[in-house]
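> Could you work out the structure for the sequence below:
(one chain, ligands or ions: 1)
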Amino acid sequence: MRISSRYNYTLPTGVERGMLRHLTNGKWAPDGDLPEMNRPLWRGTQIGKHPADLLLYHQAIYRNRPDWIIETGSAQGGSALFFADMCELIGHGQVITIDRRVEDRPSHPRLRQFIGNSPHRVIRNAVSALVRGQSVMVSLDSDHTALHVGRELAAFSPLVGPGQYLVVEDAQDPRPGRAYDAVEAFLATHPEWERAPVERQFLVCVTRLGWLRRKAQRP
Ligand SMILES: C[S@@+](CC[C@H](N)C(=O)[O-])C[C@H]1O[C@@H](n2cnc3c(N)ncnc32)[C@H](O)[C@@H]1O
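Numbering: from 1, shown residues only. Just a heads-up that it's a prediction; the model follows:
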């Protein structure tokens, strides 16, 4: 429906209204899958991140200059390419992305791909060997069940040094047995970690409740 001929502005469609309603709860897609016209692309590759979250990630990378960014859940490779581009932009850092599915994903000189179950010992050991002694940021975006996220937190959080971030995607989902429960259990037993209010900057984002920071000082 057109509401102003001057600006040629139209009211949101039903799907878009659903997206807006869900965004206020930190959730993006009404049914978990975005219509094609609403899906963002990064350099032509689909990326499963809300644009506001991409700026939050950029700011964290720019500010903290991690030597490595470890991502679980590559999907089409858009987010890994974005992280690698951010590293290129600041002239620092490399990216490891892990997915259990083999797929033709974009390559980048600063990007390495691993195929397998993200928290599996073999993957974890290979990743640890690469990043040992260097500063690490993590984005967990694979299987969002509490069980799996708990395993990923156990596998990758020890690699993250003081002041760096670990982002648990989908932690805003209030359903029991999902990522939020894993985050709560993790924070209850790891006093060296805290929630960071990073996500409040733009009010609307999908990574709500998911930004964790390793405290600079031991508690
Ligand atoms: C939400 S998508 C990732 C989106 C991507 N990070 C982005 O922002 O564009 C989840 C991905 O996790 C992968 N995945 C699910 N379970 C996994 C597991 N146990 N180990 C590794 N990857 C897994 C799926 O194959 C899928 O590609």
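> shaky segments in the protein?
1-12, 21-33, 218-219 (pLDDT under 70).
> Show me the domain layout of the protein.
Using automatic domain parsing, the domain parsing of the chain gives 1-39, 43-214.
> Please identify the most buried of those domains.
Sort these by mean neighbour count, taking mean count of other Cβ atoms under 10 Å, and domain 43-214 sits at the top with a mean of 19. C-beta here means a position set from N, CA and C on the backbone, and glycine is covered the same way.
> Need the distance between the two termini of it.
Distance between the two ends of domain 43-214: 32 Å, counting by Cα to Cα, to the nearest Å.
> how far is it from where the chain is centred?
5 Å (Cα atoms, centre = their mean, to the nearest Å).
> near the ligand at all, it?
Yes: Domain 43-214 is in contact with the ligand by Cβ under 6 Å from any ligand atom, via 47-49, 72-75, 78-79, 98-101, 117-118, 141-143, 148.
> now the strands: where do they sit in the chain?
2-4, 9-10, 41-42, 45-46, 68-72, 94-99, 111-115, 136-140, 165-168, 193-195, 211-214 (DSSP state E).
> so can I have CSV of those strands showing distance to Asp181?
Below are the strands of the chain laid out as CSV (distance: least, Cβ to Cβ, whole Å):
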stretch, distance to Asp181
strand 2-4, 42
strand 9-10, 40
strand 41-42, 30
strand 45-46, 28
strand 68-72, 18
strand 94-99, 22
strand 111-115, 26
strand 136-140, 14
strand 165-168, 11
strand 193-195, 15
strand 211-214, 14
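> about what we covered before: sort out for me which of the residues of domain 43-214 next to the ligand are in helices.
78-79, 148 (DSSP state H).
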